[in-house]
Each structure stands twice: as C-alpha cells, then as structure tokens.
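Engineer: just to be clear, the model below is a prediction. Sequence and coordinates:
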Amino acid sequence: MKKILVALLALFVSAVSASAATYTVPDDYATIQAAVDAASDGDSIFVKAGFYAGAVVNKAVEIYGEPGTVVNVRGTVVSSKGVGFYITHDDVSISDLKITGTGSPAIENAIQLESGHSGVTIDNIVFEDLAFYGVYGYDQTNLYVGHCTFANTGAVDDGGAIRIKNADNSVFEWNVAYGGARGIRLDKSALGTSDNNVVRYNVIHDMDQYGVGIYPGGSNNIVEFNRFYNLPDRGIQLGYYAGPNYNNIIRYNEVFNTHIDGIVLTNCNGGCIIEYNKVYNTAFDENTNSPSWTQPLHGGIAVWTANQDVIVRNNIVYDNGDGIEGNDGNCGIWVDASSTGTEIYGNSVWGHIQNYCDNDDSEFGEPGDIPEFTGAGAALALLGAGLLALKKRKA
C-alpha cells in the first residue's frame, strides 16, 4: 500500500509540474499580451530584452524579464488611459522589468490593480517618467511591492510611487523613490481603510510632497527602518482629521530636511507608539511647492489632533524649526491641546527654541541620555547593506 501511495504522489507531482508552461516573448509570442492570452493559471512568461506594449493580466501568471537586461514596457489602453499592466486576477507576479512613460499612449499608472484581488507580487521593477503612479489600485490584500525604483512618477498634486486605497496585510519594502509627487500613500476606499500593513527599508527623497502617508483611518500598521529626506512636506504622516486609527507603530526611521514636520500622528485612539526614530532639520518652512494648500508647522515629532494615550519614547530629535523666535515649527516634540494621555520619555531632544511643546496632559518622563543612537544606527546600517545588495542584484 505504501508503494502505491508513493507512486500516486509521484504521478500527481509530475502532472502538476507538466501542467505549468513557460512562454518566451518574443520567441513564442511577439507580444506580452499574446503570451498572457495563451497562458493558463500557474504558467510563466519570460520576456527578453526589447520594447513591448503592456498587457491586461487576467490569469495567475508570472511575468519576468531577462536577468541583466532592461525591458521597456510601453502603454496599453485601459478605459482610454495608458497603463503598463492592468491586473484583474489574484496571485499575479511581475518582476525584473522597466516601465516608462514614453511611447503612445503615454502611461498614467504603470501597474494598475483592479479592485478586490489578493496575492499580487511586484518585485524589482524600475518605474520611470509616469504621469501619475507607479503602482495604483483599490481593495488589495496580501500585496507585495519590493525592491523597486520609482523615478519621476506623478505631478505635484497627484501621483507618486505607490497609492493603494484600502490595502490590507500587505508589505512595501526595499523601494527607492525620488523626483515624483508622493512616496507611498495607503488610504481608504468605500470598502474600508488600510490596515495591518508593513512599510519598511524604503528610501524616499526629493519628492514634491511627503514620504509615506497612511490616512484617513488605518490601524495596526508598522512603519519602520525607512529613510525620508529632502521633502517639501512631511516625512511620515499617519492619520488625518476624519477617521480614528489604532495600534500604529512608527519606529527606527530617519527623517531629515523636510520643510514641514518630520513625523506626524493624528487621531490615534489608542495603542500608537513613536519610538527609536531620528528626526532633525525639519519644520523650517511651509509647503509652498503645492499650488493648492499650505500645511501648519509644529516640529520634529507632532502628536497632532485628537490622539489618545500615545507613547513617544527613545527618539533623537534635534535642530528642527527655523530658529526664529515667534515662528511656528520650533519645537522638538509637539503635542496638540486636543490630544490626551500622551506619554513622552527617554527621548534626547536639543537645538530648538522649545524642546517640548506640551499642550495636553502629557506625562513627561526623564529625558534620554543617548550619546550614540545605537538603535537607529544599527537600522540604518542594515538599510545601507540592503540597498548595496539591491544595487548588485540589478547590475
């Protein structure tokens, strides 16, 4: 009986392996779309170096480029708009390609995700010169976006690297974004807020707005081990006026050279922690880059508007604000009058007109005495090592 079971298992594995095919573009099919049309769930599509149109991907397939080469994917038309790939199925994987905004039609969103899917993987893609977003979609679960580069994606008031309305249980890691509008934006759709996500090991700089924003609402998210700098807006913003959030954690990030606040937490109704971050040279100017609004200045770390029981601990915060007496933004750690129960302890804060601006009933512990910011130092060393590995991988 045991031998029969083993034989049956071997036949099953063989049948499964035989059912998965690999198609090569342009050898087997001239276009990526033709290869997708011919494929079945579980198949792979290998794209050799060259210039290709994108595709509507309506099957659980893997599409990947030739190692060591660049594949330029130009626009396909979805609802009269240029889109690199339009994904309408679960468990799609796209990797090792370059998607540019050149060609006809011009690409608005490089990878657009139809609402209501799960398990999509976007890995090691170069996004370049796009009208709106590199990755854009609604109502995604278990989405993975990693090891991607976003260059010049989006205009000032819209667009950017990534925007998902209602992302749940998803990971955004080891990405680099520069020269576009927003960095990573996880917000809400009609079906819900963005919850249980991890944003880590990303470097976002020289954009037109903020580094990462999760709002309105959004709970149980972790933003960690990132670096945000040279931004006319905030480095990190969690929460907004409308919609409470809970249990968000911001830790081991480095934020510097942002015109507005370094880190902002808004409307957390409990369980939120800001810890082991390094924030400096922020909050020195209003966001004059945006033509439609300016933002208030508070300081390096701002617990702003209707927060409850937030913990701010073990951060290093220094040299924020413009240093001019009477101007806004000259606080190290700023707490809004409508926030209650804030606990602030173990922080090293210096170089401000007012190191602590306490407008609620915050409990201030003893200030930190940390000559070396070992926690963030280790994190940033790991980040640098990871980026070096990523560079070598793409070489």
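Structural biologist: Noted; the coordinates are in hand. In this text the structure is predicted, and so the values were computed from the model without any measurement.
Engineer: host element of Asn152?
Structural biologist: Here Asn152 is covered by strand 149-153, with elements defined by DSSP states H and E.
Engineer: name the strands paired with that strand and say parallel or antiparallel.
Structural biologist: Note on strand 149-153: by DSSP bridges, its sheet partners are strand 126-130 (parallel), strand 176-178 (parallel).
Engineer: could you identify the helix or strand that succeeds the last one?
Structural biologist: So that's strand 176-178. strand 182-187.
Engineer: so that next one versus strand 149-153, what angle?
Structural biologist: For strand 182-187 against strand 149-153, the angle by axes from the mean of the first three to the mean of the last three Cα atoms, to 10 degrees is 90 degrees.
Engineer: which elements pack onto the helix or strand just after strand 182-187?
Structural biologist: Using DSSP H and E, the helix or strand that follows strand 182-187 towards the C-terminus is strand 198-200. Secondary-structure packing of strand 198-200 (3 or more Cβ pairs under 8 Å, 6 or more residues apart in numbering; DSSP states H and E): strand 171-173, strand 222-224. Backbone N, C-alpha and C define where each C-beta goes, glycine included.
Engineer: let's have those strands in a markdown table, adding distance to Asp123 and mean neighbour count.
Structural biologist: Below are the helices and strands packed on strand 198-200 laid out as a markdown table (distance: least, Cβ to Cβ, whole Å; neighbours: other Cβ atoms under 10 Å):
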| stretch | distance to Asp123 | mean neighbour count |
| --- | --- | --- |
| strand 171-173 | 10 | 21 |
| strand 222-224 | 20 | 22 |
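Engineer: can you redo those as CSV with mean pLDDT and distance to Gly116?
Structural biologist: Formatted as CSV, the helices and strands packed on strand 198-200 follow (pLDDT from 0 to 100; distance: least, Cβ to Cβ, whole Å):
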stretch, mean pLDDT, distance to Gly116
strand 171-173, 98, 19
strand 222-224, 98, 24
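Engineer: weakest of the strands paired with strand 149-153 in terms of mean pLDDT?
Structural biologist: The minimum mean pLDDT among the strands paired with strand 149-153 belongs to strand 126-130 (a mean of 89).
Engineer: and that strand, how far from the chain's centre?
Structural biologist: Remark: strand 126-130 is offset 16 Å from the chain centroid, using Cα atoms, centre = their mean, to the nearest Å.
Engineer: just stretch 195-206 next, same as before
Structural biologist: Offset of stretch 195-206 from its chain centre (Cα atoms, centre = their mean): 4 Å.
Engineer: what pLDDT does Asp208 get?
Structural biologist: pLDDT for Asp208: 88.
Engineer: wait, isn't it in contact with Ala177?
Structural biologist: No: the criterion here is Cβ atoms under 8 Å, and Asp208 misses it with Ala177 at 11.3 Å.
Engineer: who has more neighbours out of those two?
Structural biologist: Neighbour count, other Cβ atoms under 10 Å: between Asp208 and Ala177, Ala177 has more, with 30 against 20.
Engineer: tell me which helix or strand Phe51 sits in.
Structural biologist: strand 50-53.
Engineer: list the buried residues in that strand.
Structural biologist: 52-53 (16 or more other Cβ atoms under 10 Å).
Engineer: partner strands of it, with direction?
Structural biologist: By DSSP bridges, strand 50-53 pairs with strand 71-74 (parallel).
Engineer: domains of the chain?
Structural biologist: 20-208, 214-395 (automatic domain parsing).
Engineer: show me what contacts Asn197?
Structural biologist: Listed by Cβ atoms under 8 Å, 6 or more residues apart in numbering, the contact partners of Asn197 are 167-172, 186, 214, 218, 221-222.
Engineer: now do the contacts for His205.
Structural biologist: 177-178, 227-231.
Engineer: what about the strand holding Phe51, distance to the chain center?
Structural biologist: On Cα atoms, centre = their mean, the centre of strand 50-53 falls 27 Å from that of its chain.
Engineer: after that strand, next one along is what?
Structural biologist: Next in sequence after strand 50-53, counting helices and strands by DSSP H and E, comes strand 55-57.
Engineer: ok, that following strand: who's next to it in the sheet?
Structural biologist: Sheet pairing here is set by DSSP bridges, and for strand 55-57 it gives strand 81-87 (parallel).
Engineer: mean confidence score for the helix or strand following the strand it pairs with?
Structural biologist: As assigned by DSSP H and E, the chain's next helix or strand after strand 81-87 is strand 93-95. For strand 93-95, the mean pLDDT works out to 97.
Engineer: strand 93-95 - contacts with which helices or strands?
Structural biologist: On a contact count with 3+ Cβ pairs under 8 Å, 6+ apart, strand 93-95 meets strand 62-65, strand 121-123.
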